[in-house]
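Trainee: have a look at this prediction, sequence included:
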Amino acid sequence: MDGIYRDHIIDHYQNPRNFGPPPLKLREGELVIKVSEANSSCGDMLELFLVVRGKGARVVDVGFQGLGCAISTAAGSLLTEAILGKTINEVKKFSEEDMMALLGIEVSPTRMKCATLPLRALQKALRLRSG
Amino acid sequence: MLDVSRIREDFLILKRKINGKPLVYLDNAATAQKPRQVIGAIVDYYEQHNANVHRGIHSLGDEATRLYAEARQVVAEFIGAKDSRELVFVRNTTEGINLVAYSWGMANVRRGDVVVTTEMEHHSNLVPWQELAKRVGARVEYVAVNESGEVDMEDLEKKLELKPKLIAVTQVSNFLGTINPIEGVVKRVKISKRKDVKILVDGAQAVPHMPVNVSDLGVDFYAFSGHKMYGPMGIGGLWVKREILEEMAPFMTGGGMISEVHKTGTIFTDLPDRFDAGTPNVEGAVGLAVAVEYLERLGMSQVREHEMELTELTINELGKLSGVRIWGPKEASKRGGLVAFSVEKVHGHDVAQVLDSQGIAVRSGHHCTMPMHEKLGLAATVRASFGVYNTEEDVSRLIRGLEKVREVFKL
């Protein structure tokens, strides 16, 4: 079980990338999607911001924030790093397996909710955009 | 003094290894482990006496009915009820409180009325009142909790001026650990001369850990869970003052709670069967009675003293660690046997996970007290809670486990 707190997890937890909302000022042709998602088992909340631009709907900026555990924070950091610069169509293909591969650890069923919290927020954002 | 090493022999689960380490079980506020006496009584019930109660004329049916009635008597006496008919068996504290909200609340709380509770309540003593208020058009008012983690009695007096129908308060907070002065609440209600204010007490964290006498407390409703007091899961009690219970309509209806049923209508039976619709949890009642006898043999004052010592030790030891903040009153005498704390820069779940890797079971999260966590600006805390089988060594293991947390998180 110690295995889940590997150096890269602790690093992404203590120095999360893309932490905080992107700049408020948008350029022409840019659209910001903001969603929040809660972990029902612990009450933790995570907000995700996506700035998409152009016809290809490329993710040109991304941010997340919230009070989370090491696992959900590291997941948010790794996920936002992974989707930055990708098009929405590419981002849509991102799966739970991809998320776990990014984290590079095995977690218990209860902690799966932490590991996939940012991904669930991302999927919500994508539904919002297409809906 | 409790003979803890002898007590531990009764709880086989304590011999388990978790992640290769001997189990240190510090999640007693969530549920307590069961002694072999309780488990044995349940097995014995099914192997020797099982039959449905109050039905049919045969020997096993009579035995089961007698065991069920005796269990009610044992549990009722333990909490100081004057009459065992005042005790309704329910699944747990939550069901007991819901019973009051539906049965008494729907009949007595009306549009515009006020129900008072406190900021420190468990969701089980909060959501049922919000739901009742929604249904009848009443409103819920929350008595403030002060900086030392105690119910603000001046604010309680202010809330009494709103002429509430009910005050619902916990005897011991499952998060802050605070022992609330129920006598003080009763006294203030008396002084306010509002005789129609009823008082409900959530006793889930009190009955397993200290002497409780519901009659002496002077309250109207008192709910508690069996599984937190070394009894089986799925059984608990709701005590209601006789004259109030007599007037209450049944929460659930059906078989076993009637004296006559005709196509034109039904006459309900007397107490306590009126609140026992359907086949009751006889196994649970029998097990709970044995748990009560177990606690009585230990002596509730001794249980209280033992857990208070462990609480005091924990507060002192946690106080020596940097970056650890303890929530609730600082004096062990003002708290039940539990300590909730935060570790700076580490989320509660991560603390619990690292402790688990060391064989230590604690609770992390908001402990079903989101409003209180919100008020303190907290997302999740860690809680260690004690039972009769915990030792000073368990506390040392917890402290060493927290050092491991610091190591893992490079603090």
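Mentor: Structure received. Numbering: from 1, shown residues only, chains lettered A, B, ... in the order given.
Trainee: now do the strands in chain A.
Mentor: Under the criterion DSSP state E, chain A contains strands at A:30-38, A:45-53, A:58-65.
Trainee: show me the one of those that comes nearest chain B.
Mentor: Evaluated with CB to the nearest CB, the strands of chain A place strand A:45-53 nearest to chain B, the distance being 7.9 Å. The way it works is simple: take the backbone N, C-alpha and C, and place the C-beta from them, glycine included.
Trainee: list the neighbouring strands of that closest one plus their orientation.
Mentor: Using DSSP bridges, the neighbouring strands of strand A:45-53 in the sheet come out as strand A:30-38 (antiparallel), strand A:58-65 (antiparallel).
Trainee: want to try CSV for those, with mean pLDDT as columns?
Mentor: Supplementary listing: these in CSV, determined by pLDDT from 0 to 100:
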stretch, mean pLDDT
strand A:30-38, 91
strand A:58-65, 95
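Trainee: residue B:386 is in contact with residue B:24, isn't it?
Mentor: No. In this structure, residue B:386 is not within contact of residue B:24 by CB atoms under 8 Å, at 10.9 Å.
Trainee: neighbour count winner among these two?
Mentor: residue B:386 (29 against 24; other CB atoms under 10 Å in any protein chain shown).
Trainee: against residue B:228, how distant is that one?
Mentor: For residue B:386, the distance to residue B:228 (CB to CB, to the nearest Å) stands at 12 Å.
Trainee: please settle this for me: is residue B:387 part of a helix?
Mentor: No. Counting by DSSP: H, G, I helix; E, B strand; the rest coil, residue B:387 is not found in a helix; it is coil.
Trainee: which one is it nearest to, not counting chain neighbours?
Mentor: By the measure of CB to CB, 6 or more residues apart in numbering or on different chains, the closest residue to residue B:387 outside its immediate chain neighbours is residue B:28, 3.9 Å from it.
Trainee: was I right to think the one you found contacts residue B:228?
Mentor: Yes. Under the criterion of CB under 8 Å, residue B:28 lies in contact with residue B:228, with a separation of 7.3 Å.
Trainee: so how many other residues sit close to the residue nearest to residue B:387?
Mentor: When neighbours are counted by other CB under 10 Å, residue B:28 registers 27.
Trainee: wait, what's in contact with it?
Mentor: Residue B:28 makes contact with B:208, B:228, B:337, B:338, B:385, B:386, B:387, B:390 under the criterion CB atoms under 8 Å, 6 or more residues apart in numbering or on different chains.
Trainee: now do 6 Å
Mentor: Residues in contact with residue B:28, defined by CB atoms under 6 Å, 6 or more residues apart in numbering or on different chains, are B:385, B:386, B:387.
Trainee: just the pLDDT at it, thanks.
Mentor: Confidence per residue is given as pLDDT, and for residue B:28 that number is 98.
Trainee: please report phi then psi for it.
Mentor: The phi and psi torsions at residue B:28 (degrees, to the nearest 10) take the values phi -70, psi -20.
Trainee: which bits of the stretch 251-400 of chain B sit near chain A?
Mentor: Where proximity means CB under 6 Å from any CB of the partner chain, the interface of the stretch 251-400 of chain B facing chain A comprises B:347, B:349, B:350, B:357, B:365, B:366, B:379, B:380.
Trainee: excluding residues flanking it in the chain, which one is nearest the third one?
Mentor: Read it as residue B:350. residue A:70 (4.7 Å).
Trainee: which one of the residues in the stretch 301-411 of chain B is closest to chain A?
Mentor: Residue of the stretch 301-411 of chain B nearest chain A, by CB to the nearest CB: residue B:347 (3.6 Å).
Trainee: in the stretch 1-150 of chain B, which residue sits closest to chain A?
Mentor: Of all residues in the stretch 1-150 of chain B, residue B:19 sits closest to chain A, with a separation of 5.9 Å (CB to the nearest CB).
Trainee: isn't that residue right next to residue B:357, touching?
Mentor: Yes. The pair residue B:19 and residue B:357 passes the contact test of CB atoms under 6 Å, sitting 5.3 Å apart.
Trainee: who's more crowded, the two?
Mentor: The residue with more neighbours, out of residue B:19 and residue B:357 and counting by other CB under 10 Å, is residue B:357; that gives 21 against 12.
Trainee: quick one: that one and residue B:346, what's the gap?
Mentor: In this structure, residue B:357 and residue B:346 are separated by 14 Å, where distance is defined by CB to CB.
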